[in-house]
Structures are given as structure tokens and as C-alpha cells.
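Asks: below: sequence and its predicted model.
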Amino acid sequence: MKYVVCVPDGCADEPLAELGDRTPLEVAAMPTLARLAGRGEVGRASVIPPGMPPGSDVGNMSILGYDPALHHTGRAPIEAAGLGVALAPGEVAYRCNLVTLGDDGTMVDFAGGHPTTEDAAKVVAALQESLGSDEIRFHPGVQYRHLLVVPGPWAEAACVPPHDLSGSVAVWPSGPAADKLRRLMEASREVVSAFDGAATQVWLWGQGTQPVLPAFRERHGVEGALTTAVDLVRGLGVLAGMKVVEVAGATGWYDTDYEGKRDACLATLAEGADLFLIHVEATDEAGHAGDVAEKVKALEHWDRRILGPLVEGLDELGPWRLLLLPDHATPLARQTHTSEPVPWLLVDSRLDGPGGTYSEAATVTATPVPGHELLGRLVSRR
């Protein structure tokens, strides 16, 4: 038996007037998804436990079968693991976005104009040279997503994620360490502005210490692997002891290599892995940008470029089961994450389920299940 987990990041949404009071999932042309839902089982999942922030760190931890309420220590330390950055005892990692702030303090772009990874690495190197030290270390990541490692006392601050501030006046950190953070963020302006890009400074948030996750194989009884362009999801794989498969064309943006991720899944399963997770960021990025057309297009890319050929390839490998759900909702109208339950789909190639429709409206009356329980249901031998 082979198992696949598909994560269209942030694909769940809310009805939009411009879509005839429908969501992107209801509008997008997704014939393969419709066929899978028609032969599978659909429902709703609480991937974000009550009281926890609705981030991809929490949601993807749930999807991998780990209860965030027990294992989550912060977003940035997970990304540190994805970058190969080990935190020493007493050290704290911060997510370090390249962002664009307007002259009036408005968060114009939480992604700093989406610089290329190569261009952003030069900015981060300059930040380390100018502002870093043995205790303050900047590490380059992907596009606008980077990392800062600092001493433990720097963790004592309340920080607002930049994607929650889009179009609003930026809310600076508060708490005992806030002054240190703000001085560093403001000092970054001179360094970042020296480069020819849209970013104006860094924004620090998502801090935490190194988490410990039980090994994926020991927890679920299967050998797991994944592919992603996002350090956060890569870090969860590293912490869980999963194989992380790199795809050269994976960008974390609209232009990511859908086919490359699909083919990596099939090849890794053929080589002996039991389970493979495919994560694509494009739907989430479109939600943050409020770009209706791109979100619909990204869903259609999922169907045409991943799901259709993926099912054909899985059939050639033998019996299979597939789980599909987002790590959270990213409503276009809000341009940020929300904690509402999201629709899930489970399909077994050998057995037809009750059937249904995969959408927010079609599952709204279903009793939400804890998101971290679905992986166990996927690999159940029943």
C-alpha cells in the first residue's frame, strides 16, 4: 500500500461576490478532484487547535500527525531545522521576513516584493556583516523568508506576523525584549535599502526554541518523505526524520514546478517509501495577495498537473490511499490565515467511500475532527 498526502496550502476560503458568492474551490475546474471526492470520503478538520495561531507551522504539524498543543514551540525553530541550523540550548530563532514598509508605517508588502532566493541571500549576507555577531546570526532562506538566531532572553516579546498586517499600520513588538528587536529591525533599513529591490527592512516574528518530534516511522509505522519549497515544511520533515526530496523548480510561488513535485512523489514511492507528502504554497500566496484569479488558477494547476497524472501513476504502483487538505484557510478577502476548520478528502483505490463534494459549503455541517488524527486514519490497516 502506498500513501500520498496532498497539501494545497491555504486553499480553503470564503464565498466571494465576484465569484457569484462561491469560493475558489467551488469555481475552479477540478475534474480529477471531483471524481476522487465522488468515490471517497469528505469531512472537516480542525487543523488549528483552539487558542493556537493559524499558521502553516501549526497546520502542517497537525497534518503530519503531531498534536501542535503538545509539540509546537514556535514557527521559526521549525524553519531553522529546515535550513540545517541547529539551535544550542538557550538560543532562540526568529523568522526574519524581508518586508516593504511605507513612509507612513504601513505594511505594504509582507514579502518584500518576492525577491529571488539568490538576490535575497546577498541582502542577508550584508545584514550579518553589518548587524550580526557571534550571538546575533542571520541565516538566508528562500525568497523573502529568512532566519535570525539570538540569545534566549530575546524571546520575551509579542510579535505580529507581517502577513497579518497587510495594508495596515505595522504593529511593532511588545514586551521585555521589544526594544532590542525594534532597534535591530530599524537598523536593518540602511542595509536593505542599499540593494535594488522592493524590500525596505526586516520583520522579526514567530520565535521559539528547538522542538522535539517523535520519529515519523515510529509514530505511524511507515517510511515517509515529502517535497516542498518552504523551509517551514522542510523543517517539520527534518524534525520528524522524513526524507526531504528537493525539486529544482520548486519556488514557493505561482511559478513552482507542479510536475516536478508530482514526479518526485511517484519516483520516491517507487523506490520504496511508503508515504509521500506534496506541499504547494501557491494557493496561500494568492490568498495573501488577494489575487482571486491566481488562487483559482493554482487550484486548477493542482488538478491538471498533479492530481490527474498522479492517480494514473499510483495505479501503476498498486493499491494506494490519498489524503488531501490544506493546513489552514487563507481567505482572499482577509489576506491572512484563519482558524476555521478546513475540508478534507480521503480516497482508497480499493474501496469506494460514501462519496461527496470537496468544498467548504459541502462539508460545513460535518463535525470537525482533530487535524492530527487524519494521518493515522490514512495509514490505518482497517
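Replies: Thanks, I have the structure now.

Asks: so where does residue 184 fall, helix or strand?
Replies: Here residue 184 sits within helix 178-192, counting by DSSP states H and E.

Asks: partner strands of the longest strand along the chain, with direction?
Replies: Longest strand in the chain, counting residues (DSSP state E): strand 91-101. According to DSSP bridges, strand 91-101 forms sheet pairs with strand 107-109 (antiparallel), strand 145-151 (antiparallel), strand 201-208 (antiparallel).

Asks: now do the shortest one: everything it contacts.
Replies: This means strand 107-109. 99-102, 162, 165-170, 198-199 (C-beta atoms under 8 Å, 6 or more residues apart in numbering). Backbone N, C-alpha and C define where each C-beta goes, glycine included.

Asks: nearest to residue 206, of those residues?
Replies: Proximity of these to residue 206 (C-beta to C-beta) peaks at residue 162, which lies at 10.0 Å.

Asks: that closest one - nearest residue in space that isn't next to it in sequence?
Replies: Leaving aside its chain neighbours, residue 162 sits nearest to residue 110 (3.7 Å; criterion: C-beta to C-beta, 6 or more residues apart in numbering).

Asks: close enough to count as contact, the one you found and residue 335?
Replies: No: using C-beta atoms under 8 Å as the test, residue 110 is too far from residue 335 to be in contact (9.2 Å).

Asks: shared neighbours of these two, anything?
Replies: Residues touching both residue 110 and residue 335 comprise 163, 166, 288, with contact defined as C-beta under 8 Å, 6+ apart.

Asks: mind giving me the domain split of the chain?
Replies: 2-72+212-378, 80-208 (automatic domain parsing).

Asks: would you list every one of the helices in the stretch 101-250 of the chain?
Replies: 117-131, 178-192, 216-220, 231-240 (DSSP state H, counting those that start in this stretch).

Asks: relative to helix 231-240, how tilted is the longest strand of the chain?
Replies: Strand 91-101 and helix 231-240 are oriented at 170 degrees to each other (axes from the mean of the first three to the mean of the last three C-alpha atoms, to 10 degrees).

Asks: still on that earlier bit, output the domains of the chain as CSV; include the columns mean neighbour count.
Replies: Below are these laid out as CSV (neighbours: other C-beta atoms under 10 Å):
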stretch, mean neighbour count
domain 2-72+212-378, 20
domain 80-208, 19
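
Asks: just send those back as CSV, with mean pLDDT too.
Replies: As requested, the domains of the chain are arranged in CSV below (pLDDT from 0 to 100):
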stretch, mean pLDDT
domain 2-72+212-378, 97
domain 80-208, 96
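
Asks: on the three-state scheme, residue 255 is what?
Replies: coil (DSSP: H, G, I helix; E, B strand; the rest coil).

Asks: and the gap between residue 47 and residue 65?
Replies: 11 Å (C-beta to C-beta, to the nearest Å).

Asks: I meant residue 110, not that one.
Replies: 30 Å.

Asks: then residue 222?
Replies: 10 Å.

Asks: now the common contact residues for the two.
Replies: residue 216.

Asks: residue 265 and residue 245, how far apart?
Replies: 8 Å.

Asks: what's the overlap in contacts for the two?
Replies: By C-beta under 8 Å, 6+ apart, the residues touching both residue 265 and residue 245 are residue 227.

Asks: just to revisit the earlier point, how close does the residue nearest to residue 162 get to residue 256?
Replies: 19 Å.

Asks: could you do residue 352 as well?
Replies: Counting by C-beta to C-beta, the gap from residue 352 to residue 256 is 32 Å.

Asks: just give the nearest non-adjacent residue to the residue nearest in space to the middle of the chain, would you?
Replies: When C-alpha atoms, centre = their mean is applied to the chain, the residue found nearest the centroid is residue 56 (4.2 Å). Leaving aside its chain neighbours, residue 56 sits nearest to residue 327 (5.1 Å; criterion: C-beta to C-beta, 6+ apart).

Asks: and if you look at residue 235?
Replies: residue 82 (3.1 Å).

Asks: and what of residue 60?
Replies: residue 327 (4.8 Å).
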